[in-house]
Each structure stands twice: as structure tokens, then as C-alpha cells.
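Undergrad: here is the input, now give the coordinates:
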Amino acid sequence: MRRLGLVVAVVGLLGLAACGSDSKKETTSSSGGQASEISLRAGVNDPSDVTIAVLAYLPQAITVGQGTTVSWTIAGPEPHSVTFLPPGQTMPSPESAEGQKLFAPTPPTGSYDGKSLVNSGLVPLGPQAAPPFKVKFDTAGSYKFACVIHPQMTGTVTVVATGTKADTQADVQTRGDTEMNQWLTEGRAAKKAMTDKAPAKTANADGTTTWTIEMGASTAHTDILAFAPVPAAIKAKDKVVFVNNSSAPHTASFAGKQSLPQNPTDPAVNAPKPGASPQTLNATDFINTGLLPPNAAAPGQTPPPLAARSFTFTVPATGQYAYVCLLHVTSGMAGVINVA
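TA: Numbering: from 1, shown residues only. Here you go, the predicted structure:
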């Protein structure tokens, strides 16, 4: 999710370097030898392929002593949140008004006791790295947290009495690295499968072809923030259907000669322009699918139908038509339709 331009400048991945420098700093308290601050990561993008985003806290669970401050580094470019909900509340859909309220931060006002909303907000939402999000835990117990836009991304902080065995920073770093490497392997395999797959096509009665372009892909722990390769054989009058079968929302947005929205929370990101599918492309106007929902649903619910997750464009003439996902520009999610 992303600052935008027709020529995409992918933000350099700072996450691993920043996290590595923080995580090697270990401070111990005067009581019980427990660390007074523990640092971990909230997601990472693959340092060798920024389009592969690990959707996991690294590690997923930690144990700390009373009085410990936990610090999450959210380096991006894929944004995340660290959100502790009040008792009895469940994470709302990120597409809902309630979910989008959680894009803004609600910092802790003291040590956290599990009774109120404490939330980093969605960060980073720009090219600048966000400062670590810190929460102090004085009360023993188990505290669950999650990411507002990645419902599968959950974690737990277990707080134990002073003097009880707890994680060291080295423990947290080792487990985080092990989990990260597992999920990067998973994501790289998914990216290869998506890019190796031949694009689907349908021959139409009028001699044109309808082509399908997948919008990303997902695994249990990763999102592939890339469009499937564009077919080389697209011709004028052909149709191109963008289909979102991933677990993340996406757009396919053509700038033409206009400026793209600069903030992923801008209402213009969500709205189809100039209107609902199907539309005809041109080289001048801003044309947008709007937010196409993921092929996912909460337990007991049904995913959105294909019609809601797809958008059809007719390509009227030869030329180049560049597009991006407005939510994932800084993760490099972009493509170009070249029409012969």
C-alpha cells in the first residue's frame, strides 16, 4: 500500500537492516535477568524481490517478564499494524468504515493491561520508515494482537512474573529469522508458480481475444504483490480481464496523462473510474478498477463472487498502457499492456 507515479520507484527495503540493528541491542533489567526491552519485526518484504511480502510477526509469539517494553519494527514497504483490541471485540474488515478507523494510531497511555484499544495504526503509508511501536507490559497474562489489513497475521505476547524464564533478544531474533526464512521460501515458490503459468485466454466470435491477468497471489504467510505477466500477443480490440484471486485487495489503475492518487486511503482509490466494468482504455484519462476485493472471507462467510473481483477493459488501439495497484506501488506492483 504506497505512493504513486506512472513510473514506479520502488522504495529500497530497509526492514532487515533496520530490524537487525535494533534486534542486536539487548537491555536487561536489574531483577531476574529479564530483558527490559524486546524487539521484533512486523512483516518484511523479500530483500531479493520486494513484491514478495511476508505477512507475519517475526516471531509470532514471545514471552516477556513483567515490566518489559515490546518494540515492533514495521519497516515496509508493505504496511502493517500492531493492534490490540479491547475484550470481546473482533477485527473488522479493512474495507469497512470501522476497519478503516484503525488505520489511524491509538498509542498506549501507559502500560498495557488488555482492557483497551492500543494500536500502531497502519504504517508505513509513505516512503519514510516509521519509528518502532512500543508497548510496556506490567500485568502478567496473554495478549493477542493482529494486523488490521492482514487478518491471518496474528501474534501473542505472554507476560510472566519477574524472575520467571522469559525470551532473550537472541531467542526472539533466532526464532524470527527461522520463521522468516520459511515464509520467504513459501512466497518465492508462489511467485514462480504465478509467473510461470500461461495466461488464460478465450477466443471471441468477432475474432478478438479475451485475456485474463491475475492480480497477485497469496499463501498462508505471504502475499505476492505483482500482476501476472502480460500476454505478448494482445492486439487492438482485444479485452483484458483483471481478476483478483488473492487474499489481498488490489486495483488496476491507469494514469494516462493524469496524476494518480497519492494516498491509499483516498476515496478515489476505492472508486471505479469512469464507471463500472467493462470500460475502454485510452492513453489520456485516469482509469481505475476501484478496489477489487480479495477472494477471501471471514469464517462462516462466502468470498465475493467473481464478478465483484474482476474488471474488464477493451484495448482500443495500438500503444502502451501502464498500470499500477494503488495499494501496492511501493512494493512494485505494476505492469504494462503493449498492444501491437
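Undergrad: how far away is the nearest residue in space to residue 138 that is not next to it in sequence from residue 301?
TA: Nearest-residue entry for residue 138: residue 111, 4.0 Å, with adjacent residues in sequence omitted and distances by C-beta to C-beta, 6 or more residues apart in numbering. The way it works is simple: take the backbone N, C-alpha and C, and place the C-beta from them, glycine included. Note on residue 111: its distance to residue 301, by C-beta to C-beta, to the nearest Å, is 36 Å.
Undergrad: between the two, who's got more neighbours?
TA: Just comparing residue 111 and residue 301: by other C-beta atoms under 10 Å the higher neighbour count belongs to residue 111, 15 against 9.
Undergrad: from what I can see the more buried one touches residue 134, true?
TA: No - assessed by C-beta atoms under 8 Å, residue 111 is found out of contact with residue 134, at 11.0 Å.
Undergrad: what residues are up against residue 229?
TA: With contacts taken as C-beta atoms under 8 Å, 6 or more residues apart in numbering, residue 229 has the following neighbours: 195, 199.
Undergrad: how about residue 65?
TA: 29, 32, 34-35, 159-164, 166.
Undergrad: angles on the backbone of it, please.
TA: Here is the backbone geometry of residue 65 (degrees, to the nearest 10): phi -90, psi 160.
Undergrad: now residue 320
TA: Torsion angles, degrees, to the nearest 10, at residue 320: phi -120, psi 140.
Undergrad: for residue 278, see how far away it is.
TA: 20 Å.
Undergrad: any idea where the helices of the stretch 1-150 of the chain begin and end?
TA: For the stretch 1-150 of the chain, the helices defined by DSSP state H, counting those that start in this stretch cover 15-23, 97-101.
Undergrad: and the stretch 201-340 of the chain, by the same measure?
TA: Under DSSP H, counting those that start in this stretch, the stretch 201-340 of the chain gives helices at 267-270.
Undergrad: for it, which segments are assigned as strands?
TA: 201-203, 209-218, 222-227, 239-243, 253-254, 279-280, 287-288, 310-314, 319-324, 334-339 (DSSP state E, counting those that start in this stretch).
Undergrad: who's in contact with the fifth one?
TA: Strand 253-254 is contacted from outside by 260, 269, 281, 285-289, 321-326, using C-beta under 8 Å, 6+ apart.
Undergrad: give me the buried entries from the residues you listed.
TA: Listed as buried from the contacts of strand 253-254 are 260, 269, 281, 286-289, 321-326; burial here means 16 or more other C-beta atoms under 10 Å.
Undergrad: neighbours around residue 49, how many?
TA: Neighbour number of residue 49 under other C-beta under 10 Å is 18.
Undergrad: how near is it to residue 308?
TA: 29 Å.
Undergrad: now do residue 177
TA: 39 Å.
Undergrad: buried residues, stretch 289-300. List them.
TA: For stretch 289-300, a neighbour-count test (16+ other C-beta under 10 Å) marks 289-296 as buried.
Undergrad: tell me the contacts of the closest residue in space to residue 321 that isn't next to it in sequence?
TA: With C-beta to C-beta, 6+ apart as the criterion, residue 321 has its nearest non-adjacent residue at 4.3 Å, and that residue is residue 337. Taking C-beta under 8 Å, 6+ apart, we find residue 337 in contact with 230, 234, 240, 281, 315, 320-323.
Undergrad: ok, so of the residues you listed, who is nearest residue 202?
TA: residue 240 (11.6 Å; C-beta to C-beta).
Undergrad: give the contact list for that closest one.
TA: Counting by C-beta under 8 Å, 6+ apart, the residues that residue 240 touches are 210-213, 234, 312-313, 315, 337.
Undergrad: by residue count, which strand of this structure is the longest?
TA: strand 35-46 (DSSP state E).
Undergrad: report the strands that pair with that strand, each with its relative direction.
TA: strand 27-28 (antiparallel), strand 49-58 (antiparallel), strand 68-73 (parallel) (DSSP bridges).
Undergrad: send over it as PDB, restricted to the C-alpha atoms.
TA: Output of strand 35-46 as PDB, limited to C-alpha atoms (Å, rounded to 0.1, in the frame of the first residue of the first chain):
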ATOM      1  CA  ALA A  35      15.300  -8.100  29.100                       C
ATOM      2  CA  SER A  36      13.700  -4.700  29.800                       C
ATOM      3  CA  GLU A  37      13.000  -4.300  26.100                       C
ATOM      4  CA  ILE A  38      12.500  -6.900  23.400                       C
ATOM      5  CA  SER A  39      12.300  -6.000  19.700                       C
ATOM      6  CA  LEU A  40      10.700  -8.000  16.900                       C
ATOM      7  CA  ARG A  41       9.500  -7.400  13.300                       C
ATOM      8  CA  ALA A  42       6.000  -6.900  11.900                       C
ATOM      9  CA  GLY A  43       6.300  -8.300   8.400                       C
ATOM     10  CA  VAL A  44       9.000  -8.000   5.900                       C
ATOM     11  CA  ASN A  45       9.400  -7.700   2.100                       C
ATOM     12  CA  ASP A  46      11.800 -10.100   0.500                       C
END
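Undergrad: tilt between it and strand 222-227?
TA: 40 degrees (axes from the mean of the first three to the mean of the last three C-alpha atoms, to 10 degrees).
Undergrad: quick one: strand 35-46 to chain centroid distance?
TA: 17 Å (C-alpha atoms, centre = their mean, to the nearest Å).
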